[in-house]
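Asker: Whatever this is, show me its structure:
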Amino acid sequence: MRKWTKSEQRLLTVLGIAVFLMGSFYLISYLLDISSGLTLKISDLEASANTDQIWLREKQFWLDRKQWIDQKQPRVATGTVPQSELLQSLTASAQNHKLTIQEQSFADAKSTPEYKAVAVRLKVTGTLEDVVRWLVDIQQPEKFQAVTNLSLKSQEKPPAVDLELEVARWYSPHA
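Answerer: Model prediction:
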């Protein structure tokens, strides 16, 4: 093999430096991608740890709420129809608040591992004050029921109103 000339040696050196620089560039780029991915993972873990710390600080608060729900949430008694029970409760309450029930019907029931929900639809008429008092009365936390749909229309002679609503009650999934 013959000896390389100075220009060939320079070209080989430039080629070696160029290959080294390109390899270094790709290696640095790869390492920076890994670093940014790890930084993102670390920030996600820190955020998760902060959230977990908040939950741990509020643990007793949520345990107290769970205990209250376990004690107070109504259960479906055997041999009863929860929708009928809800409807009877709402009609009696509406009559106590001087409201007139125009229509009543059952809505679809829903069952999950956490609760069983039943709902009824009502159309009632009465004064605005009586309607508001009734709505406050039926949505007390201890009753585990709430208005899930509401339409309020004023009659020709205020303060009389027509109210269409759907009320749901949540029962414990355990009998």
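Asker: use CA for all of it now, contacts and neighbours both
Answerer: Noted.
Asker: any idea where the strands of this structure begin and end?
Answerer: Along the chain, counting by DSSP state E, strands occupy 100-106, 110-111, 116-127, 145-154, 160-171.
Asker: Pull up the pairing partners for the first one, direction included.
Answerer: Taking DSSP bridges as the criterion, strand 100-106 pairs within the sheet with strand 116-127 (antiparallel).
Asker: ok, back up a step: nearest to Trp62, out of the strands of the chain?
Answerer: strand 160-171 (18.8 Å; CA to CA).
Asker: Pull the residues that contact the closest one.
Answerer: 73-76, 86, 107, 115-128, 143-155 (CA atoms under 8 Å, 6 or more residues apart in numbering).
Asker: So what are the sheet partners of that strand and their directions?
Answerer: On the basis of DSSP bridges, the sheet neighbours of strand 160-171 come out as strand 116-127 (antiparallel), strand 145-154 (antiparallel).
Asker: Check which residues of it are buried.
Answerer: Buried positions in strand 160-171, judged by neighbour count with 16 or more other CA atoms under 10 Å: 160-171.
Asker: By residue count, which helix of the protein is the longest?
Answerer: helix 6-57 (DSSP state H).
Asker: Now do the domain split for the protein, please.
Answerer: Using automatic domain parsing, the domain parsing of the chain gives 6-57, 78-171.
Asker: Quick one: mean pLDDT over the last one.
Answerer: Think domain 78-171. The average pLDDT within domain 78-171 is 91.
Asker: And that domain, how far out from the chain middle?
Answerer: Using CA atoms, centre = their mean, to the nearest Å, we find the averaged C-alpha position of domain 78-171 to lie 23 Å away from the chain's own average C-alpha position.
Asker: Spatially central residue for the chain, please.
Answerer: Centroid-nearest residue in the chain: Glu114, 13.5 Å away (criterion: CA atoms, centre = their mean).
Asker: what separates the longest helix of the chain from the chain centre, distance-wise?
Answerer: 39 Å.
Asker: oh, and call the first residue 15 from now on, that's how I've got it
Answerer: I'll keep to 15 as the first residue from here, and by that count the last item is helix 20-71.
Asker: Give me the packing partners of that helix, helices and strands only.
Answerer: Contacts of helix 20-71 with other secondary structure elements, assessed using 3 or more CA pairs under 8 Å, 6 or more residues apart in numbering; DSSP states H and E, are absent: no helix or strand is involved.
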